[in-house]
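K.L.:
Dropping the sequence and predicted coords here.
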Amino acid sequence: MVSEEDLRAVLEELRRLRTRVPQLTGALAAGVDGLAVAHDTPGVDPEGLAALTAAALGVAVRVSDATGHGGFRELLVRGEGGYVATYAAGRTAVLTLLAEGRVNVGRLHLEGRRAGARIGELLDAADTAARTAAAPRQATPTTPARTRTTRATAAEARTATDS
C-alpha cells in the first residue's frame with residue numbers, strides 16, 4: 001500500500017514532467033499488475049490505460065527476453081496522433097506518457113527515463129516499507145553466553161584415548 005504522502009510525491013513528479021515536456025497530453029504511474037497508482041491524464045480513462053499498459057508490458061518483456069536483449073527498459077508506440085511511451089519505474093511500476101506527434105522524442109525519452117527512475121525510487125521504497133510492516137516479527141535469537149572449556153593436558157588426553 002502506498003501512503004498518501006508517496007502518492008502526492010508521485011503525482012507532483014507527473015505534473016513537473018508535464019511542465020518540462022509541454023507536448024505531453026498525459027502521464028500515468030501504474031503497477032506492473034495493471035492498477036493505476038497516480039495519473040494526470042485528462043480525457044483518458046486511467047484504469048483502462050493502466051490495464052492496457054500492463055498488457056503491453058507483458059508482451060514487451062517477452063519480446064525482449066525472446067530476442068536476448070535483457071530486461072525491459074522502455075516501449076514506444078507511434079500512432080497517427082502521437083506517441084505512447086512506457087518506461088520501467090523501479091521493480092514494481094511503470095510510467096506511461098502520452099505525447100503529441102510533434103514532441104521531440106529525444107527529450108521525451110530523456111525526461112521519461114529520469115521521471116521513471118524517481119517514481120521507481122518512491123514506489124520501491126513504499127513497497128519495501130509495506131513488506132517490512134507486513135512481515136511477521138521474529139524474536140531476535142539470544143546468543144548463549146560463551147563459557148570457557150578447559151582443555152585436557154596431553155597426559156590426560158592420552159589416558160582417555162589409550163584406555
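P.N.:
Looks like it came in fine. Residues are numbered from 1 along each chain as shown.
K.L.:
Quick check: mean pLDDT of the helix or strand where L14 lies?
P.N.:
If you go by DSSP states H and E, L14 is part of helix 4-20. For helix 4-20, mean pLDDT rounds to 94.
K.L.:
Next secondary structure after it?
P.N.:
Remark: after helix 4-20, the chain's next helix or strand is strand 24-31, criterion DSSP H and E.
K.L.:
And that following strand, what's buried?
P.N.:
Going by neighbour count (16 or more other CB atoms under 10 Å), the buried part of strand 24-31 is L24, T25, G26, A27, L28, A29, A30, G31. Bear in mind the C-beta positions are built from the backbone N, C-alpha and C, glycine included.
K.L.:
okay, that strand in CSV with CA atoms only?
P.N.:
C-alpha atoms of strand 24-31 as CSV (Å, rounded to 0.1, in the frame of the first residue of the first chain):
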residue,chain,number,x,y,z
LEU,A,24,2.7,15.7,-23.1
THR,A,25,-1.0,15.2,-23.0
GLY,A,26,-1.0,12.7,-20.1
ALA,A,27,1.1,10.9,-17.6
LEU,A,28,0.3,7.7,-15.6
ALA,A,29,2.2,5.8,-13.0
ALA,A,30,0.9,2.2,-12.7
GLY,A,31,1.8,-1.0,-11.0
